[in-house]
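**Student:** A structural model of the following input is requested.
(one chain, ligands or ions: 2)
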Amino acid sequence: MVDVSKLEKIVNKTRKIVEKSREELYRLGESARLEYERTRYELDIVKNQISSIIKEVEELEEEYLKARLYLMEVSKDFNRYSEEEIKHAYEKAHQKQLELLGKREKEKMLRLTRDHLERNLKNLEITIRRSEELIANVSMVLKILGNDLESISAEIGEMQQRQALGFSIIIAQEEERKRIAREIHDGPAQILANIVMRAEYCLKLMDVNPPKVREELIGLMELVRDSLQDVRKIIFDLRPMSLDDLGLVPALKKYVEIYQNDNGIYVELTILGKEFPLENGHAVAIFRVIHEAMTNIKKYARASQVIIKVEFLKNKVNVLVRDNGIGFDVEKVFSEKQGTAFGIVGMRERIQLLKGRFEIKSSPGHGTEVFFSVPVAKRPETL
Ligand SMILES: Nc1ncnc2c1ncn2[C@@H]1O[C@H](COP(=O)(O)OP(=O)(O)OP(=O)(O)O)[C@@H](O)[C@H]1O
Ligand SMILES: [Mg+2]
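**Tutor:** Ligands and ions are numbered 1, 2, ... in the order given. Below you'll find the model as predicted:
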C-alpha cells in the first residue's frame with residue numbers, strides 16, 4: 001500500500017530543495033545582471049576613449065605628416081636652414097612618429113578591450129536569459145509539485161480509503177457466508193439427511209406395517225415443510241427477491257413480518273414521503289444496513305420494541321432504527337471488539353461508499369439508535 005504521509009514527506013523535501021535552487025538561481029541571475037550593467041558602463045567608457053583616441057590619432061597623423069614634409073623641405077636645402085634647424089625638424093618628426101605609434105598602440109589596446117567587453121556582455125546576456133528560463137521552469141515544477149501533489153495525494157488517500165472500505169466489506173461478507181453455511185448445515189442439510197433415513201424406514205415398513213407408513217409419511221411431510229421454510233428464510237436473508245422486483249419498502253415489510261414472528265419483538269415500520277425507485281445498489285445497501293441493525297438487536301439488545309423509519313426526501317433517503325433494549329457503550333465496545341466485530345464497521349462503510357452519513361448512538365440502559373442518510377438521484381420519470 002502507498003504510504004501517503006511518507007510520500008508527502010518526500011515531496012515536501014523535494015519542494016524545499018527545488019525552492020532553494022530557485023533562490024540560488026535568482027541570486028545568480030541578479031549578479032549576472034549587475035555584472036552586465038557594470039560591463040556596459042565600462043564598454044561605454046572604452047568606446048568614448050576609442051572615439052577620442054581616433055581623433056587624436058588622426059590629428060597626430062596630420063601633424064606627423066606636416067613634420068615629415070617640413071623635414072623633407074629642410075633637409076633638401078642645406079643653404080637656407082642651419083644644422084640646428086634641420087636637427088630640430090628631424091627630432092620633431094621623430095617625436096611625432098613616436099607619439100603616433102604610442103597612440104596607435106593605445107587605440108589597438110582599447111579596441112581589444114572593447115571587443116573583450118562586448119563578448120562578455122553577450123555571454124552575460126545569455127546567462128541572464130538562461131537563468132530567467134530556468135527560474136520559469138523551476139517555478140512551474142514547484143507549481144506542479146504544489147498543486148498536483150495535493151490532488152495526487154488526495155486521490156491516493158481516497159484510493160486507500162476505498163481499498164480499506166472494500167476490505168472490511170469483504171471480511172463482513174465472508175462472515176456472512178460462514179453464518180449461512182452453518183445455517184444450512186444445521187438446518188436443511190440435517191433435515192434432508194433425516195428425511196432420507198425416514199424414507200428408507202418407510203420402504204421397509206410398507207411390507208410389514210402399512211398403516212404405520214401413512215403416519216410416517218405425514219411426519220415426513222411436516223419435516224419437508226419445515227425445511228422448505230428454513231430454506232426460504234435463508235434465501236430471503238441472502239437476498240430478498242422482492243428487493244429487485246418490488247423495491248425497498250415491500251422487501252422491508254416482508255422482512256419485518258418474518259422478524260416479528262421469529263423473534264417476538266414488536267417492530268413498527270413507518271415510511272415517510274413517497275417511495276420512488278432507487279438504484280439497485282442503493283436499495284440493497286439500505287436493506288443490508290437495516291438488516292444488520294436488526295440482527296444486532298435480536299442478538300444483543302434484549303429489546304421488546306423496534307422502530308424503523310424510512311424517509312424519502314427529494315434527493316436522499318433517511319433511515320432510523322431504534323430499539324428499547326439494553327444499549328451499550330459505543331466507544332468501549334468499538335475498542336474492545338476491533339478486528340472481531342464487522343457489523344457496525346461494515347454498515348458505516350457501506351454508507352460511506354455511497355457518500356452518505358452514518359451515526360450510531362447508544363448508552364447502557366437507554367437503547368440503541370442507528371441513523372443514516374444516503375444521497376440518491378431521483379429518477380426523471382418519478383419527478
Ligand atoms: N442494538 C444493540 N444493542 C446492544 N448492543 C449492541 C447493539 N448493536 C451492537 N451492539 C454491541 O456492539 C457490538 C458490535 O456490533 P457489531 O455488529 O459491529 O459486531 P457483532 O455483531 O459483534 O459481530 P458481527 O456483526 O461481525 O457478526 C456487539 O457485539 C454488541 O456488543
Ligand atoms: Mg453485528
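
**Student:** Get me the contact residues on this protein for ligand 1.
**Tutor:** For the chain, the contact set with ligand 1 under Cβ under 6 Å from any ligand atom comprises 175, 296-297, 299-301, 323, 325-328, 333, 337, 341-345, 368. (C-beta placed from N, C-alpha, C; glycine too.)

**Student:** Which pLDDT value goes with the closest residue to Lys253 other than its chain neighbours?
**Tutor:** Using Cβ to Cβ, 6 or more residues apart in numbering and skipping residues adjacent in sequence, the residue nearest Lys253 is Leu269, 6.5 Å away. In this model, Leu269 is scored at 97, pLDDT.

**Student:** separation between Leu269 and Ile308?
**Tutor:** 5 Å (Cβ to Cβ, to the nearest Å).

**Student:** Over to Ala181?
**Tutor:** For Ala181, the distance to Ile308 - Cβ to Cβ - is 28 Å.

**Student:** what are the ranges of the strands in the stretch 101-250 of the chain?
**Tutor:** For the stretch 101-250 of the chain, no strands are identified by DSSP state E, counting those that start in this stretch.

**Student:** Got phi/psi on the residue nearest to Lys253?
**Tutor:** Main-chain dihedrals, Leu269, degrees, to the nearest 10: phi -100, psi 120.

**Student:** residues contacting it?
**Tutor:** Leu269 sits next to Leu252, Lys253, Val256, Ile308, Val310 when contact means Cβ atoms under 8 Å, 6 or more residues apart in numbering.

**Student:** Please name the nearest non-neighbouring residue to the first one.
**Tutor:** Leaving out its chain neighbours, the residue that sits closest to Leu252 by Cβ to Cβ, 6+ apart is Leu269, at 6.2 Å.

**Student:** hmm, who's touching stretch 219-234?
**Tutor:** Contact with stretch 219-234 is made by 180, 183-184, 187-188, 191-192, 194-195, 198-199, 202, 258, as judged by Cβ under 8 Å, 6+ apart.

**Student:** please redo it, this time with the cut-off set to 6 Å
**Tutor:** Residues from elsewhere that reach stretch 219-234 (Cβ atoms under 6 Å, 6 or more residues apart in numbering): Glu183, Gly187, Pro188, Ile191, Ile195, Arg198.

**Student:** Kindly report the same for stretch 57-74.
**Tutor:** Under the contact criterion Cβ under 6 Å, 6+ apart, stretch 57-74 has outside partners Tyr81, Ile86, Ala89, Tyr90, Lys92, Ala93, Lys96, Gln97, Glu99, Leu100, Lys103, Glu107.

**Student:** related to what we said a few turns ago, which among the residues of the chain next to ligand 1 end up buried?
**Tutor:** Buried members of these, counted by 16 or more other Cβ atoms under 10 Å: Asn296, Ile297, Ala301, Asp323, Gly325, Gly327, Phe328, Phe342, Gly343, Ile344, Val345, Thr368.

**Student:** give me every residue that touches the residue in the stretch 51-200 of the chain that ligand 1 sits nearest to.
**Tutor:** Nearest residue of the stretch 51-200 of the chain to ligand 1: Glu175, at 5.3 Å (Cβ to the nearest ligand atom). Contact analysis of Glu175 by Cβ under 6 Å, 6+ apart lists Phe342.

**Student:** Give the burial count for Lys309, as a bare number.
**Tutor:** As a burial measure, Lys309 scores 15 neighbours (other Cβ atoms under 10 Å).

**Student:** Around ligand 2, which positions in this structure sit nearby?
**Tutor:** Where the chain comes near ligand 2, counting by Cβ under 5 Å from the ion, the residues are Asn296, Gly343.
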